[in-house]
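S.K.: Everything below, folded, please.
(one chain, ligands or ions: 1)
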Amino acid sequence: MENFRKIIQNNRAWAAAMVENDPEYFHKRASKQEPHFLYIGCADSRVPSNVVTGTEPGELFVHRNIANQVLPSDLNAMCVLQYAVEVLDVKHVIVTGHYGCGGVKAAMGTESYGLVDHWLGPIRNVVRWNRGELDAIADEQARFDRVVELNVLEQIYHLTETPIIQHAWAKGRRPLLHGLVYDIHTGLLREVATGIDSHEAADALAARRESGVPAGPPPVAGRFASPSVLAGDELADAIAQRVLKQLDGARGERTR
Ligand code: CO
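M.R.: Numbers count the residues shown, from 1 in each chain. Prediction:
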């Protein structure tokens, strides 16, 4: 309870200090928000979004979850993204991961943590898709760091695949996508992807994976490139063709 009381005391002291420095500080910010940034980060207490970016109230629209994921099935994240892009018209969407991320570490191991195991499923895919690169990294810590970076890049991909970002880009509105990794040991943000403004830019990022740093996840198209594996539109088309064929066959039998 003492720790909780301290939070209230801190708040009083902070608000007073702000007003002392600028009597209009809260008044100026209370009427509306016009943030230029949507920040998507990890829920980790060591990575406070406004503190590490040096931003004031009103400057960052924020969504945080375990291991800073952007999943199309996450209604919360999609609502935040839609509101930020279409209503607030943010200029930048920033995904910020961090070294030492417990969520990423859990996804790399086999220990069970309950419900969160399900949430971390997509990160296990990131590990699997990049198995070749990761297996070549002998140092365990370096491998962990790399998965943190790859996870951020993967979330950039997820953003490019959302109808929200696609519609915005199609309309010529340009939320630029950025991927950062925060180093909890130095307090510094590292850029792993900057200024992604199109699918081409996202694919180019992935292509650099072949040639060196900064590497990215497998190209979006490449993931489904194997001719024996169908996915996405191709799979839907193949199923539709099969269904139509069966319907034709059934119709033919009826008429005979
Ligand atoms: Co984390």
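
S.K.: I'd like the distance between the residue nearest to residue 174 when sequence neighbours are not counted and residue 40.
M.R.: Closest residue to residue 174 in three dimensions, ignoring its sequence neighbours and counting by CB to CB, 6 or more residues apart in numbering: residue 197, at 5.4 Å. (C-beta placed from N, C-alpha, C; glycine too.) Using CB to CB, to the nearest Å, residue 197 is found at 17 Å from residue 40.

S.K.: Tell me, how many residues neighbour residue 150?
M.R.: 25 (other CB atoms under 10 Å).

S.K.: In PDB, list the C-alpha atoms belonging to the helix or strand that contains it.
M.R.: Here residue 150 is covered by helix 140-161, with elements defined by DSSP states H and E. Only the C-alpha atoms of helix 140-161 are listed here, as PDB (Å, rounded to 0.1, in the frame of the first residue of the first chain):
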ATOM      1  CA  GLU A 140      23.100 -17.800 -27.100                       C
ATOM      2  CA  GLN A 141      22.700 -14.100 -26.100                       C
ATOM      3  CA  ALA A 142      23.300 -12.900 -29.700                       C
ATOM      4  CA  ARG A 143      20.700 -15.400 -31.000                       C
ATOM      5  CA  PHE A 144      18.200 -14.100 -28.400                       C
ATOM      6  CA  ASP A 145      19.000 -10.500 -29.500                       C
ATOM      7  CA  ARG A 146      18.500 -11.500 -33.100                       C
ATOM      8  CA  VAL A 147      15.100 -13.000 -32.500                       C
ATOM      9  CA  VAL A 148      14.100  -9.700 -30.800                       C
ATOM     10  CA  GLU A 149      15.100  -7.900 -34.000                       C
ATOM     11  CA  LEU A 150      13.400 -10.400 -36.300                       C
ATOM     12  CA  ASN A 151      10.200 -10.100 -34.300                       C
ATOM     13  CA  VAL A 152      10.200  -6.400 -34.800                       C
ATOM     14  CA  LEU A 153      10.700  -6.800 -38.500                       C
ATOM     15  CA  GLU A 154       7.900  -9.400 -38.600                       C
ATOM     16  CA  GLN A 155       5.500  -6.900 -37.000                       C
ATOM     17  CA  ILE A 156       6.400  -4.400 -39.700                       C
ATOM     18  CA  TYR A 157       5.300  -7.000 -42.200                       C
ATOM     19  CA  HIS A 158       2.100  -7.600 -40.300                       C
ATOM     20  CA  LEU A 159       1.400  -3.900 -40.500                       C
ATOM     21  CA  THR A 160       1.900  -3.800 -44.200                       C
ATOM     22  CA  GLU A 161      -0.500  -6.700 -44.600                       C
END
